[in-house]
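**Student:** Predicted model and sequence follow; I will ask about them next.
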Amino acid sequence: MKFSLIFVSALLSLAAALPATEDSAAAADPPPCGMRRRAVPFFRSFNPQIIDHFYTTNRAEDLNAIRNLGYRDEGISSRIFRTRQPGTVRFFRLFSPTLTDHFYTTNNAERMNAIRNLGYNDEGVAGFIYRNGRCPGTVPFFRLFSPTGTDHFYTTNNAERMNAIRNLGYNDEGIAGFVYPA
């Protein structure tokens, strides 16, 4: 009996000293995330004449749209990064002058299709967001589209999302990515 206890104890000691497998190490490591304090306001404005939501991290650009282009200030939609941070992807900004619609996506194939086939102009990168919700404190950035108003609309607020779907004619297009709440 004494020998059995010593033998089992030795086996357990050896097993504890072995390196962790890749799977267990990956499960223990937190996902790569940017520093939340580096996230900046993603301003939201709306032009009721042309039915267009506009989003930008640049307050001067937002104020120009409000003061000179007929947009109304709708506050801060969320917080995103101006520059690439660990775990983030580009959030492309496009605009269709024909449809008067700003469109934002993390999907480069979708971006290229909008440029080549749907009449959108590439306006660069609006900022950087997470593709999934693994980083603590992030929330879904819902994407909606109004076929009658030809307007893409993005929000972190599920009640606002549901109101747009039920009462304003928007279709749910899923989650554009994950962001920090305003």
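**Tutor:** The structure has been received and is ready for your questions.
**Student:** In a strand, residue 65, correct?
**Tutor:** No. Under DSSP: H, G, I helix; E, B strand; the rest coil, residue 65 sits outside any strand and is assigned helix.
**Student:** Enumerate every residue touching it.
**Tutor:** By Cβ atoms under 8 Å, 6 or more residues apart in numbering, the residues touching residue 65 are 45, 47, 54, 56, 71. From N, CA and C alone the C-beta is placed, and that goes for glycine too.
**Student:** And these, which two are furthest apart?
**Tutor:** Using Cβ to Cβ, the contacts of residue 65 span at most 13.4 Å, a distance reached by 47 and 56.
**Student:** Compare neighbour counts for these two and give me the winner.
**Tutor:** Using other Cβ atoms under 10 Å as the criterion, residue 47 and residue 56 rank with residue 56 on top: 21 against 18.
**Student:** just the helices in this protein please.
**Tutor:** Using DSSP state H, the helices of the chain run over 2-17, 22-28, 59-68, 108-117, 158-167.
**Student:** Ignoring the adjacent residues along the chain, who's closest to residue 97?
**Tutor:** residue 121 (7.0 Å; Cβ to Cβ, 6 or more residues apart in numbering).
**Student:** was I right about that neighbour contacting residue 94?
**Tutor:** Yes. Taking contacts as Cβ atoms under 8 Å, residue 121 lies within contact range of residue 94: 6.4 Å.
**Student:** Report the set of residues contacting both of those two.
**Tutor:** In contact with both residue 121 and residue 94: residue 115, using Cβ under 8 Å, 6+ apart.
**Student:** okay, these two: which has more neighbours?
**Tutor:** The residue with more neighbours, out of residue 121 and residue 94, is residue 94; 22 against 11, by other Cβ under 10 Å.
**Student:** Now do the contacts for the more buried one.
**Tutor:** The contact partners of residue 94, by Cβ under 8 Å, 6+ apart, come to 102-105, 111, 114-115, 120-123.
**Student:** Pull out the buried members of those.
**Tutor:** 102-105, 111, 114, 120 (16 or more other Cβ atoms under 10 Å).
**Student:** How confident is the prediction for residue 4, by pLDDT?
**Tutor:** As predicted, residue 4 sits at a pLDDT of 44.
**Student:** In contact with the nearest residue to residue 152 once chain neighbours are set aside, which residues?
**Tutor:** Leaving out its chain neighbours, the residue that sits closest to residue 152 by Cβ to Cβ, 6+ apart is residue 103, at 4.9 Å. Residues near residue 103 by Cβ under 8 Å, 6+ apart: 93-96, 114, 120, 152.
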